[in-house]
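**Q** make a model of this:
(2 chains)
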Amino acid sequence: MSHHLPIAGSKDEPLYAIGARFETPEALLGAVERLRREGVSAYECFTPYPIHGLAEAMKLPKSILSFLVLGGGVSAILIALSMELIPSTLIYPLVVDGKPLNLSALPQYIAIVVALTLMIGAITAVFGMILLGGMPRLNNPMFAWDLFAKEASRGFFLAIDAREKKFSIAGLSDLLHELGAGDVTAIHLEASESPQGT
Amino acid sequence: MSTATTINSAEKDAPDLSVLARPPQVLNNRGPLWVTDAVCSIVEGKTPLWWYAAITLSGGLAAMGGACILYMIVTGVGVWGSNSPCFWAWDITNFIFWVSMAHAGSLISALLFLTRQKWSLSISRAAEAMTVFAIICAGVYPAIHIGRVWFVWFLFPVPNSYGMWPNFSSPLLWDVFAVTSYLTVSSLFWFAGMIPDLAVLRDRATTKVRKFAYGIASLGWLGTARQWRHYEMMYVLLAGLTSVLVVTVTTIVASDCATSVVPGWHATIFPFYFMVGAVYSGSAAVLTLLLPLRLLNPQLRELITPSQLDKVCKLLLMMGSCVAYVYVFELFNAWYSANPFERGAFWERFTGSSAWYAITCLSINLTVPQLFWFKAVRRCLPLVFILAILCNVGMWFERFMIVTSTLTHDFLPSSWKDFHPTIVDILTATGTLGIFFTLFLLFIRFVPIMSMNELKAVLPGTQPDHSRRETH
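**A** Numbers count the residues shown, from 1 in each chain, chains lettered A, B, ... in the order given. Predicted coordinates for the structure are as follows:
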């Protein structure tokens, strides 16, 4: 190995990422801005709670979830209206209390439209968040790094993808150290035979 | 020189801004690590003895309730005290009681989140759990009160070719949709808010079983910036949807009564009436649940601060005053309508056989919340606990009064008949209390009872100081 970083995972397996830990959210934010200036783009930050300004610093696009929920809500309106109006007015006209079958009777159908719109909107929001966030997932190569697996709820972590070609591993490691990162580690994939690693 | 003097005099005249400072979210300047430890320790520590005692009691009550429901199903609804004309009695009373109690949970977590009321962060998870469990208890009743439960699928909009003729104009069918969507949305809101916190428990797990269980439950959450981006968007969207849902569900439940032409129910104020009553009883229930929890887990005293409880008391006071307004308005409305049946219904309510519970309801709900005007009362937690329980009792009597006193005294005196609960009625109602507390006890034992990620994000010093960074 040309670099002298501590190794997580199995060293015979391919390198997955270079991980680093920062003590404060400011340090992480500073590191992200510096990496962007240096032209590094394949990296991910891991924080125990949402950090204001981090997504902007990473130039992440706005979440498309709101559009998905809008789509879910609009389809729910159409589903609810067709479920109510097609059978009750067209196929099996049902006159209750002498109420008319034309559109002037629309208000009585609104309650179910609202209930279904909210329900399908909420289902879209939650499942959309899960799928857009790359979940559900049983394991992640990051968990090969014991420090991350134990401390993810405390520290501010950064992982630079091994496919990042702009810098050598040694160069990245120097850059991270210069930015004040601690515990810079080379995270390798775990050997497939022994999931515990060696 | 002159500038300096101006600044000095300005400093002297400047108002004392410290009075505007918000009370701390967590007492004693605790940091994020302490919050994680304090919340996780409830789940990770040894199961306390009181928990076993409590779950034995509540589990026993729930089993008794289940046995009563089974007995009712195999025997028929005749085992209840419901009669003609009082077809809806304790079943619908308890349904409305539970579904209303649920509302404050959604309101506290969703509406207060949207309005950036950060004080509610420590109590929102528990309030949401209360919502989900109360809807489960409420959902028991509509299903069993139809009598022949094996026909419960008739409630759903089955195709007309089956000959069921689902009537989409009926509030009873709206109710099916409202309660179903309320249970779905509030469960999703509760679960989705928990995902990052379940991941914390997964990372801290020491045994394989816990690691596996919390690993599955947290869906592989890593806390990446991309995940947080979608998560925050989802949370705002869900809070918005839930806030609308709270209002529509009570409105629809109130429409069950209001769209009938029965005197005492046929009033346009009913949706508002149910809504304020719902938030009132729910805030009381939040206090009833949180105060013992805080007593039994000392570390929670720094997380659920007296100032936050004070605000829940104020919410209770405000909603209690709205309830009082509706009571008065309802009486005025009956008089002003000049409708002899409407006037007669209210006269009978307070002078007839229903007088004892109508007067119990009014005397509790008109007086008890008004005590919260006094700071000394709001700060005396044992007293708050007792008053909160009283408010819930008062609200149960209100639901009983609305449902039963109206039905037992309709248009024709010849058809009037009083309602008397049977032992099965009483044991089933107690059983739902058991179901509720069993679920709540499981909740406090196995999942984080506070939203750690939201709390940590608003603690002082946990966010980068952007103003300082710009100047560098």
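
**Q** longest helix in chain A, please.
**A** helix A:107-132 (DSSP state H).

**Q** how far does that one sit from the chain's center?
**A** Relative to its chain's centre, helix A:107-132 lies at 21 Å (CA atoms, centre = their mean, to the nearest Å).

**Q** average pLDDT for that helix?
**A** Across helix A:107-132, the average pLDDT comes to 93.

**Q** list the helices and strands it packs on?
**A** Here helix A:107-132 touches helix A:65-85, helix B:171-204, helix B:225-258, going by 3 or more CB pairs under 8 Å, 6 or more residues apart in numbering or on different chains; DSSP states H and E. Every residue, glycine included, has its C-beta placed from N, CA and C.

**Q** now the angle from that helix to helix B:225-258?
**A** Relative orientation of helix A:107-132 versus helix B:225-258 (axes from the mean of the first three to the mean of the last three CA atoms, to 10 degrees): 160 degrees.

**Q** circling back: could you dump the helices and strands packed on helix A:107-132 to CSV with distance to residue B:268, mean pLDDT and mean neighbour count?
**A** Formatted as CSV, the helices and strands packed on helix A:107-132 follow (distance: least, CB to CB, whole Å; pLDDT from 0 to 100; neighbours: other CB atoms under 10 Å in any protein chain shown):
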stretch, distance to residue B:268, mean pLDDT, mean neighbour count
helix A:65-85, 24, 93, 17
helix B:171-204, 14, 90, 23
helix B:225-258, 7, 90, 23
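
**Q** can you tell me which of those comes nearest to residue B:70?
**A** Between residue B:70 and those, the shortest gap by CB to CB is with helix B:171-204, which sits at 22.4 Å.

**Q** can you name every helix or strand that the closest one contacts?
**A** Taking 3+ CB pairs under 8 Å, 6+ apart as the contact cut, helix B:171-204 packs with helix A:107-132, helix A:146-151, helix B:32-44, helix B:90-106, helix B:121-145, helix B:208-217, helix B:225-258, helix B:452-458.

**Q** of those helices, which is nearest residue B:360?
**A** Taking those one by one with CB to CB, helix B:90-106 is closest: 13.8 Å.

**Q** would you map the helices across chain A?
**A** A:25-38, A:54-57, A:65-85, A:107-132, A:146-151, A:169-178.

**Q** contact partners for residue 19?
**A** Here I'm looking at chain A. With contacts defined as CB atoms under 8 Å, 6 or more residues apart in numbering or on different chains, residue A:19 is in contact with A:8, A:142, A:145, A:147-148, A:157-159, A:183-187.

**Q** try again with chain B
**A** Applying CB under 8 Å, 6+ apart, no residues contact residue B:19.

**Q** so it versus residue B:120, what's the distance?
**A** 22 Å (CB to CB, to the nearest Å).

**Q** flag the shaky bits of chain A, pLDDT-wise.
**A** Within chain A, the segments meeting pLDDT under 70 span A:1-3, A:192-198.

**Q** can you list the domains in it?
**A** A:7-62+A:139-188, A:65-132 (automatic domain parsing).

**Q** so how far is chain B from residue A:133?
**A** Noted for residue A:133: a distance of 4 Å to chain B, by CB to the nearest CB, to the nearest Å.
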